[in-house]
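S.K.: A predicted structure for the sequence below; I have some questions about it.
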Amino acid sequence: MYNLDTLPMRIALGQFNELTDEQLAFVKQCGCDDVLLNTPKLPGEARWEYDDLLAARERAEGGGLRLICLENVPVRFYDKIMIGAPGRDEQLANMQQTVRNMGRAGIPILGYHWMPNQVWRTSRTTPVRGGALATSFDMSQHQDAPLSHGRVYSEEELWANYDWYLSHMLPVCEEAGVRMALHPDDPPVESLGGVPRLFRNFDNFARAMDAHPSPMHGLDYCHGCWSEMRGGEGVLESIRYFGERGRIFYVHFRDVVGRADNFTEVFLGDGNMDPVVVMKTLKESGFRGFIIDDHVPHMVNDSPWGHRGRAWSTGYLLALLAAVNGLS
C-alpha cells in the first residue's frame, strides 16, 4: 500500500477504464506518476476480486506508475443500496469484500458517488473556445423528465440509505486501509428524474463528513461541480473548510461558465474561477493529494477519450502547480 501521507500535492491522469500500453505511455509522457481508473474494466458482476486488482496495480507499476485510485464501481454493484431496495444486504457484503480486496492489493482510494440515476447533461457537443466541443446542462429542458426509478424518492430516504451504507462500510475501510472519496452530484440541482441530489451544497457535504468522521472518509473534490453549485461562489471557502480538516483526498480540476441550472464546461481559465487562486488555496489549505483533469473539451481531431484535450489540461495543471509551488 502506498503511504499517501508522504506524497506531495501532485498532478495525475486517469478517467479511462483500462491500462493499455498506450495509456500507460501517455500518462508517463505527460509527466505524471499516478494513474486513476474510472469504472475499470475488471471481471465481476457484483464485486472485484483480489487477483484482478493486484494484476492492475502491478501493470501500472510495470509502466512506472502508481495505481492510486479506483473511481466508481459499476452502479449495479450498489444500486439497490442507494435506493434501499431488496438485495441491498447482499450488495453490501460484496462492496465490503471489494474494499478488503483493494486493501490487500495495495490500492488505497475508492472514489464513489451517491447518484442512483448518475450524471445528466443536455448536450455533449456545445461549442466553446475555437470550436472545441464541451458538455452543457439546461435544467429547463429536464423539468418533465420521466421518473428514473419508478417513483419519487424523498431526501429522508436517500439520507437513511446513505447513513446505513457508510456506517457499515467505514469500519471495513479502516481495517483495510482504503479511503472512500465522495464526489458531488452532477449537476448539483435539487432533484432529477424523481431522485433527490443529496450532494449539491456545502451543508449536505458537511453533514455527511460530520456524521461519518472516519479518517477513511473524505472528498473527491470536483471543482467543476462546486463551481456549478453557486456560479463559483463559495468554492474557495469550501476548499479551506474541508482541506484544513484533511477531508479532501483528491481533486477533479475542471470548470464551467454558469451555475447548476444552466452551465457549460469550458477550458481551464475560461470558467467561473481563477485557476491560479484555486491551486494556491488548495496548497494553503494543506491539501496533499493528487489532482486530475475531468470532462475536458474535445479539441480538433481529438480521440473519443480526448487525448488532445487531456494533454492540454494536464500540461496546464502541471505548470500551474509548479508556479504555485514556486511562490513559497
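M.R.: Yes, it's here. Since the structure is predicted, the reported quantities are computational estimates derived from the model, not experimental observations.
S.K.: Residue 62: neighbouring residues, count only.
M.R.: Residue 62: 11 surrounding residues under other CB atoms under 10 Å. To be clear about C-beta, it is placed using only N, CA and C from the backbone, and glycine gets the same treatment.
S.K.: again, but for residue 94
M.R.: Neighbour tally, residue 94, other CB under 10 Å: 18.
S.K.: That one is in what secondary structure piece?
M.R.: Assigned by DSSP states H and E, residue 94 belongs to helix 88-105.
S.K.: right, and the helix or strand after that helix?
M.R.: strand 109-112.
S.K.: So which elements touch that next one?
M.R.: Strand 109-112 is packed against strand 66-71, helix 88-105, strand 179-182, strand 248-252, with contacts defined by 3 or more CB pairs under 8 Å, 6 or more residues apart in numbering; DSSP states H and E.
S.K.: That strand pairs with which strands, parallel or anti?
M.R.: Paired neighbours of strand 109-112 in the sheet (DSSP bridges): strand 66-71 (parallel), strand 179-182 (parallel).
S.K.: Run the chain-centre distance for the last one.
M.R.: On the basis of CA atoms, centre = their mean, to the nearest Å, the separation between the geometric centre of strand 179-182 and that of its chain is 9 Å.
S.K.: For whichever helix or strand comes after that strand, which helices and strands make contact with it?
M.R.: As assigned by DSSP H and E, the chain's next helix or strand after strand 179-182 is strand 191-192. Helices and strands touching strand 191-192, as assessed by 3+ CB pairs under 8 Å, 6+ apart, are absent.
S.K.: who's in contact with strand 191-192?
M.R.: Strand 191-192 is contacted by residues 117, 120, 142, 145, 148, 197 when judged by CB atoms under 8 Å, 6 or more residues apart in numbering.
S.K.: let's see 7 Å
M.R.: 117, 120, 142, 145, 197 (CB atoms under 7 Å, 6 or more residues apart in numbering).
S.K.: can I have the helix holding residue 94 written out in CSV, keeping just the CAs?
M.R.: Extracted in CSV, the C-alpha atoms of helix 88-105 (Å, rounded to 0.1, in the frame of the first residue of the first chain):
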residue,chain,number,x,y,z
ARG,A,88,-29.0,-4.4,-0.6
ASP,A,89,-27.6,-6.6,2.1
GLU,A,90,-26.0,-8.9,-0.5
GLN,A,91,-24.6,-5.8,-2.3
LEU,A,92,-23.2,-4.5,1.0
ALA,A,93,-21.4,-7.8,1.6
ASN,A,94,-19.9,-7.6,-1.9
MET,A,95,-18.8,-4.0,-1.5
GLN,A,96,-17.2,-4.8,1.8
GLN,A,97,-15.3,-7.6,0.2
THR,A,98,-14.3,-5.3,-2.7
VAL,A,99,-12.8,-2.9,-0.2
ARG,A,100,-10.9,-5.7,1.6
ASN,A,101,-9.6,-6.9,-1.7
MET,A,102,-8.5,-3.4,-2.7
GLY,A,103,-6.6,-3.0,0.6
ARG,A,104,-4.9,-6.4,0.2
ALA,A,105,-3.9,-5.5,-3.4
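S.K.: Show me which positions of that helix end up buried.
M.R.: 88, 91-92, 94-103, 105 (16 or more other CB atoms under 10 Å).
S.K.: roughly how far is that helix from the heart of the chain?
M.R.: The chain centre lies 20 Å from the centre of helix 88-105; the measure is CA atoms, centre = their mean.
S.K.: Quick one: mean pLDDT over it.
M.R.: Averaged over helix 88-105, pLDDT sits at 98.
S.K.: With stretch 268-283 instead?
M.R.: 98.
S.K.: Helices along the protein, start to end?
M.R.: With helices called from DSSP state H, the chain shows them at 21-29, 50-62, 79-83, 88-105, 155-176, 202-211, 223-229, 235-244, 275-284, 307-326.
S.K.: For PyMOL, write the select line for the buried members of the contacts of strand 191-192.
M.R.: Listed next is the PyMOL selection for buried residues among those, using 16+ other CB under 10 Å:
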select buried, resi 117+120+142+197
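S.K.: Identify, from the contacts of strand 191-192, the entry nearest to residue 180.
M.R.: residue 197 (19.0 Å; CB to CB).
S.K.: Hmm, residue 125 is touching residue 133, no?
M.R.: Yes - counting by CB atoms under 7 Å, residue 125 does reach residue 133; the two are 4.8 Å apart.
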